[in-house]
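Chemist: Model the structure of this input:
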Amino acid sequence: MLIREEIAALRGDDAPQRAAQGALLAATAAWRDRPDVAAVLAALRRYADGAALDECPALAALFGGEAANAFTHGLVVSMTAVLAEHPLGHIAMRYFTNGTTTTLLLGQAGDTTLSLVCIDGAGLARTPPPRSVSFTPMEATEHILAGSGKMTYHTRQPLVDGVPGQVRLLRAEKAVSKGTVLTRDGEAQAAQIASVSGRLVTLRLQRRAAGAGSKAAVMQEYELASGRLLHRATTSHSDSRRELMATLLGRMGRVDAAPVLAQMARGRGGETMRWQALRECLGLDTAAGFAALCAIAADVADPLAGPAAALRAQLTQAYPQLQELALCHA
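Modeler: Numbering: from 1, shown residues only. Okay, here's the model as predicted:
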């Protein structure tokens, strides 16, 4: 293994690394303390609390005109200057990169994020064509700051007398370039970047739809070729944690957790989380799980009543011994 001298030196003295991080933290703090940036971050919090974008002037100004360039330019200049002096430092902001898409989180308030995104056209060209598309309940606004490319938009329509969960996907393409501002309702319309000439840089604002735990707070992924529903997942962070906890309890075989899982299945929360809790409860304790299933199926106001009734019928047909339990909970 080849270890460069600069890396090896840090084993004996981490002072340069601490100095680098200190400099990057100071540069980040100085940028956030700028009056224009502070105003944007304050507006981001108001927007996250439910205000309309036009009610947050400092934030809305980023999506039209030159305000976005001034907002991001100072950050890029200060960060690159520090990194030139301290190349082993790490930017004091959350970021992600996979070689094609790089995202830098500029600000966050609750489930609302403001990010700087760069897409590399060469990397995108090497990526296999997408086989699915996801509709996520969120409001998305983007301002193209540099570069050009094409985006593919998908809208979904229900099939008349079609397979449950299957939709018709309508496709349209749109050319984008510097200065283009895009807005969309992620539940009604999905967007994918089809191609990029060189690199595309965009300022992206996303706000998850209100109603965590509701049907509207579920991401749905469809196969592009057929419109078949492939996957559903909650967009609520709390529901995601509880769904993961339910799955883990099931994999651990924690029979003693069945009453808790039954309560989760019958309680308030997202449909996907409740359904996962019900599945795990059935696997751990058939009686407790089936009782919860029957209770859900009997509640006509519950959005899971239909699927629960269908599962109950399927289980009683496959396992006749459950019929007695079904009668007990009728």
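Chemist: can you pull out the strands in this protein?
Modeler: Ranges of strands in the chain, per DSSP state E, are 95-97, 101-109, 112-120, 132-135, 138-158, 167-177, 181-185, 189-208, 218-223, 229-234.
Chemist: And the ones you listed: which comes nearest residue 81?
Modeler: Nearest to residue 81 among these is strand 101-109; the distance by CB to CB comes to 16.2 Å. C-beta: built from backbone N, CA, C; applies to glycine.
Chemist: Let me know the angle separating that closest one from strand 189-208.
Modeler: If you take axes from the mean of the first three to the mean of the last three CA atoms, to 10 degrees, strand 101-109 sits at 40 degrees to strand 189-208.
Chemist: for strand 101-109, packing partners?
Modeler: helix 35-48, strand 95-97, strand 112-120 (3 or more CB pairs under 8 Å, 6 or more residues apart in numbering; DSSP states H and E).
Chemist: how does it look with 10 Å?
Modeler: helix 15-33, helix 35-48, helix 67-85, strand 95-97, strand 112-120, helix 121-126, strand 189-208 (3 or more CB pairs under 10 Å, 6 or more residues apart in numbering; DSSP states H and E).
Chemist: now the strands of the chain as TSV including mean neighbour count and distance to residue 23?
Modeler: Formatted as TSV, the strands of the chain follow (neighbours: other CB atoms under 10 Å; distance: least, CB to CB, whole Å):
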stretch	mean neighbour count	distance to residue 23
strand 95-97	12	17
strand 101-109	18	18
strand 112-120	20	20
strand 132-135	18	39
strand 138-158	18	26
strand 167-177	14	36
strand 181-185	15	35
strand 189-208	19	25
strand 218-223	18	39
strand 229-234	16	40
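Chemist: so which of the ones you listed gets nearest residue 46?
Modeler: strand 101-109 (8.5 Å).
Chemist: Now the closest one: average pLDDT?
Modeler: Average pLDDT, strand 101-109: 95.
Chemist: try stretch 296-307
Modeler: Mean predicted confidence for stretch 296-307 is 90.
Chemist: same deal with stretch 259-267?
Modeler: 93.
Chemist: Which positions within it qualify as buried?
Modeler: Within stretch 259-267, the residues scored as buried using 16 or more other CB atoms under 10 Å are 260, 261, 262, 264, 265, 266.
Chemist: Just those residues: which are in helices?
Modeler: Among those, the members found in helices (DSSP state H) are 260, 261, 262, 264, 265, 266.
Chemist: of those, closest to residue 179?
Modeler: Looking across these and measuring by CB to CB, the closest to residue 179 is residue 264, at 48.3 Å.
Chemist: how far away is the closest one from residue 243?
Modeler: The gap separating residue 264 from residue 243 is 9 Å, by CB to CB, to the nearest Å.
Chemist: Give me the common contacts of the two.
Modeler: The contact sets of residue 264 and residue 243 overlap at 273, 274, 276, 277, 280 (CB atoms under 10 Å, 6 or more residues apart in numbering).
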